[in-house]
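Engineer: this one's sequence-less:
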């Protein structure tokens, strides 16, 4: 598990804070891809931060806001994905793709723009198309949607 910091770039060594906010930025980017961040998606994003990254509610909220700001200010996803790819092993990167699908399916549907963002992020993280689709099917099956 990775402990999230409170601000993007707040550590002198560019350590966990940068990594953690980069992950939060990707989570936010995927749920905002269709132009609408539903309450269910926002709640799922916060839940991922709390449950899977051992954060308190307050920490999750701060990191989610920092991730949203970083995502809004970014010109592309490369900065986030390259930082993650350089610091995390394949298993951890696959978990990030799992989290992307989790927040994407939180509102019960996947918009084609959200699907495209997960595909692009997966490619940039070096996660195989097979793994990406298996994870998508896992969440689609949970809600009874088409995979």
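Structural biologist: Noted; the coordinates are in hand. Bear in mind the structure is a predicted one, so any value in this text is a computation, not a measurement.
Engineer: quickly note the distance from the spatially most central residue of the chain to residue 127.
Structural biologist: For the chain, residue 27 is the residue whose C-alpha lies nearest the centre (Cα atoms, centre = their mean; 2.6 Å). With the distance defined as Cβ to Cβ, to the nearest Å, residue 27 ends up 15 Å from residue 127. For the C-beta atoms, the positions are set from N, CA and C on the backbone; glycine is no exception.
Engineer: next one: residue 50
Structural biologist: Distance from residue 50 to residue 127, by Cβ to Cβ: 23 Å.
Engineer: so between these two, which is more surrounded?
Structural biologist: A side-by-side neighbour count of residue 50 and residue 127, using other Cβ atoms under 10 Å, places residue 127 first with 23 against 17.
Engineer: and residue 34, helix, strand or coil?
Structural biologist: coil (DSSP: H, G, I helix; E, B strand; the rest coil).
Engineer: meant to ask about residue 110
Structural biologist: Following three-state DSSP, the label given to residue 110 is coil.
Engineer: OK, contacts around the spatially closest residue to it that is not a sequence neighbour?
Structural biologist: Distances taken as Cβ to Cβ, 6 or more residues apart in numbering place residue 104 nearest to residue 110, at 5.4 Å, with adjacent residues excluded. By Cβ atoms under 8 Å, 6 or more residues apart in numbering, the contact set of residue 104 is 30-31, 41, 110, 114-115, 118, 139.
Engineer: what ranges does this structure have for its helices?
Structural biologist: Taking DSSP state H to define them, one finds helices in the chain at 16-32, 39-52, 57-73, 78-87, 90-104, 112-125, 129-143.
Engineer: quick one: work out the angle between the third one and helix 78-87.
Structural biologist: When axes from the mean of the first three to the mean of the last three Cα atoms, to 10 degrees is applied, the directions of helix 57-73 and helix 78-87 differ by 120 degrees.
Engineer: from the chain's centroid, how far away is helix 57-73?
Structural biologist: 11 Å (Cα atoms, centre = their mean, to the nearest Å).
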